[in-house]
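Student: Structure, please.
(chains A and B)
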Amino acid sequence: MASKNRGPQRGGRNNQPDPITRWIVIGMVSLVVVIGAVFTVVSNRSASNVALPPGASAADGYGIVFNADKSPTINIWEDFQCPSCKRFEDTNGAKIAEIISQGKAKVVYNTLSFLGPESVVAGMGGGCAADQGKFREYSKFLYDNQEQEGSGTWDKPYIISMATAMGLDETKFAACLNTDKYRKWLTNVSAAGGEANINGTPTVVIDGNIIESDQQGINYYTPEGFNAQLVKYGIN
Amino acid sequence: MNNQVDGVKVSSESPLLSKRVELLDWLGLFARLTLGGVVFVAGAIKIPTPYKAAAAMRAYELLPNSLASFFGYILPWFEVGLGALLILGVFTRLSGLVGALLMVLFIGAIASAWARGLSIDCGCFGGGGEIDPSETKYLQEIIRDIGLAICGFYLYYRPSSRFALDNRGK
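Tutor: Residues are numbered from 1 along each chain as shown, chains lettered A, B, ... in the order given. A predicted model of the protein is given here:
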């Protein structure tokens, strides 16, 4: 080094080099980085022997399946907290309900939960609602009453009160949500989303083809725009 | 202690020289805190939402899907670690070089996304993924990363700086 006696002289007045502190710091930093990285990779891996809500199917990205024997297959990847998903559901929810009730296609709802802890609570609640056969109704109710993303409103007691307000059995729903019954199911959905290259929500996939809005002139935030995509696959 | 500078015998205690050294040390601190601070914050923002980070990485379409997800999961932690080392001033020379090379990598990735006509957010500070073509900010992102890369390369060539743990015992 070109000069001496620069910088703070903490840790004694001796002029000996002090590599030990540096090695301790780099050791601690490396430890945190390695543990954090390993934990993140492991905790986002798909697991087997996971409790699945009724209707969920591993072959369909762990999504909740309606009309399993129909074709084509529409996968809808959503996060309950995402504002664009609300826009999509507000616009096309009725159409999708019609497709399901009239058996025009197989519809799979893949619940992602990547917008923070509220998404995880709401997503687990989706599984609990499916336990009572009301996933679609729960989903609609949440989108109708969506809070600002990341506002912290959607904690467990709040989601339980919402589920009760829309007519689910409070005791059963609370027991399901409070025990994190479907936390690992959500992780599996997310891992499947990664494998399926789902990089945003909402993402609609019809027969394996990712149809992204705002790309190549596709806009499914209008009924006409969404119907135009459906027609390509013979859904009227 | 005397040094030979330009054939003239000057003391290292010469006010002009030590003034310049002191100034460069403050510049080193600035480079450390700028690069380290940005990288640390960028990593810390992404840690709570690993799926988003992985999705942002996949959206570049540069790596096979599973590998992109893997790097998306670990990059935020790596950034936090690197940022901490730079802020504390530990192994400044190496940390600066690694930070600069990381920025070069980012610049390459963003430029390639731009060249291939993708419309994605860089996902540098959370966010990421496909966005409306009118919302892309490739040029700003690249200019910012060039500035940060300069900070890193500067620290590689002149690692000495104020308030660094590297100074202990000197």
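
Student: going forward, measure contacts and count neighbours with C-alpha atoms only.
Tutor: Will do.

Student: Please give the element, helix or strand, for the spatially closest residue to residue A:125 that is not a sequence neighbour.
Tutor: Counting by Cα to Cα, 6 or more residues apart in numbering or on different chains, residue A:125 lies nearest to residue A:177, which is 6.0 Å off, once chain neighbours are set aside. Applying DSSP states H and E as the criterion places residue A:177 in helix A:170-178.

Student: could you dump that helix to CSV, C-alpha only?
Tutor: This file holds the C-alpha atoms of helix A:170-178, laid out as CSV (Å, rounded to 0.1, in the frame of the first residue of the first chain):
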residue,chain,number,x,y,z
GLU,A,170,-66.3,-21.1,9.8
THR,A,171,-65.1,-23.9,12.1
LYS,A,172,-64.0,-26.2,9.3
PHE,A,173,-62.4,-23.3,7.3
ALA,A,174,-60.6,-21.9,10.4
ALA,A,175,-59.3,-25.4,11.4
CYS,A,176,-58.0,-25.9,7.8
LEU,A,177,-56.4,-22.4,7.5
ASN,A,178,-54.9,-22.2,10.9
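
Student: and that helix, what other elements does it pack with?
Tutor: If you count contacts as 3 or more Cα pairs under 8 Å, 6 or more residues apart in numbering or on different chains; DSSP states H and E, helix A:170-178 packs onto helix A:117-131, helix A:156-165.

Student: I'd like the next helix or strand past the first one.
Tutor: Spelled out, that is helix A:117-131. The helix or strand immediately downstream of helix A:117-131 is helix A:135-144, counting by DSSP H and E.

Student: now the angle from that following helix to helix A:117-131?
Tutor: 150 degrees (axes from the mean of the first three to the mean of the last three Cα atoms, to 10 degrees).

Student: Name the residues that touch helix A:135-144?
Tutor: A:80, A:85, A:86, A:89, A:90, A:93, A:126, A:127, A:129, A:162, A:163, A:166 (Cα atoms under 8 Å, 6 or more residues apart in numbering or on different chains).

Student: Quick check on those residues: which are buried?
Tutor: A:80, A:85, A:86, A:89, A:90, A:93, A:126, A:127, A:129, A:162, A:163 (16 or more other Cα atoms under 10 Å in any protein chain shown).

Student: Look at the first one and report its pLDDT.
Tutor: Looking at residue A:80, its pLDDT stands at 96.

Student: what does the fourth one give?
Tutor: Reported pLDDT at residue A:89 in the predicted model: 95.

Student: Also the third one?
Tutor: On pLDDT, residue A:86 comes in at 95.

Student: rounded to a whole number, what's the mean pLDDT of the helix holding residue A:177?
Tutor: 97.

Student: what angle sits between the helix or strand following it and helix A:117-131?
Tutor: Heading C-terminal from helix A:170-178, the first helix or strand you meet, by DSSP H and E, is helix A:183-195. Angle, helix A:183-195 to helix A:117-131, by the same axes, to 10 degrees: 110 degrees.

Student: Could you check the angle helix A:183-195 makes with helix A:170-178?
Tutor: 60 degrees.

Student: I'd like to check what contacts helix A:183-195. Which residues are they?
Tutor: So helix A:183-195 is contacted by A:43-47, A:50-52, A:61-63, A:77, A:110-113, A:120, A:123-124, A:199, B:51, B:54-55, B:65-66, B:69 (Cα under 8 Å, 6+ apart).

Student: Just the buried residues out of the residues you listed, in ChimeraX syntax.
Tutor: Command for ChimeraX that selects the buried part of the contacts of helix A:183-195, burial taken from 16+ other Cα under 10 Å:
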select /A:44,46,52,61,62,63,77,110,111,112,113,120,123,124,199 /B:51,54,55,65,66,69
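
Student: circling back to that earlier point, buried residues, the helix holding residue A:177. List them.
Tutor: Neighbour counts using 16+ other Cα under 10 Å place A:173, A:174, A:176, A:177 of helix A:170-178 among the buried residues.

Student: Give me the contact list for it.
Tutor: Identification of contacts with helix A:170-178 by Cα under 8 Å, 6+ apart yields A:121, A:124, A:125, A:128, A:129, A:156, A:160, A:161, A:163, A:164, A:182.

Student: Is it correct that the first one is in contact with residue A:158?
Tutor: So the one you mean is residue A:121. No. Taking Cα atoms under 8 Å as the definition, residue A:121 is not a contact partner of residue A:158, at 9.8 Å.

Student: Could you show which parts of chain B are in contact with chain A?
Tutor: B:12, B:48-52, B:54-56, B:58-59, B:65-66, B:69-70, B:73-74, B:77-78, B:80-81, B:84-85, B:90-91, B:129-132, B:161-170 (Cα under 8 Å from any Cα of the partner chain).

Student: all strands of chain A, in order?
Tutor: A:56-57, A:63-66, A:73-78, A:106-111, A:203-206, A:209-211 (DSSP state E).

Student: Redo those as a markdown table? Include distance to residue A:134.
Tutor: As requested, the strands of chain A are exported to a markdown table (distance: least, Cα to Cα, whole Å):
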| stretch | distance to residue A:134 |
| --- | --- |
| strand A:56-57 | 13 |
| strand A:63-66 | 11 |
| strand A:73-78 | 17 |
| strand A:106-111 | 13 |
| strand A:203-206 | 21 |
| strand A:209-211 | 27 |
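
Student: So which of those strands is nearest chain B?
Tutor: The closest of the strands of chain A to chain B is strand A:203-206. By Cα to the nearest Cα, the value is 10.9 Å.

Student: Please determine whether the closest one lies in contact with chain B.
Tutor: No. No part of strand A:203-206 sits near chain B under the criterion Cα under 8 Å from any Cα; the closest distance found is 10.9 Å.
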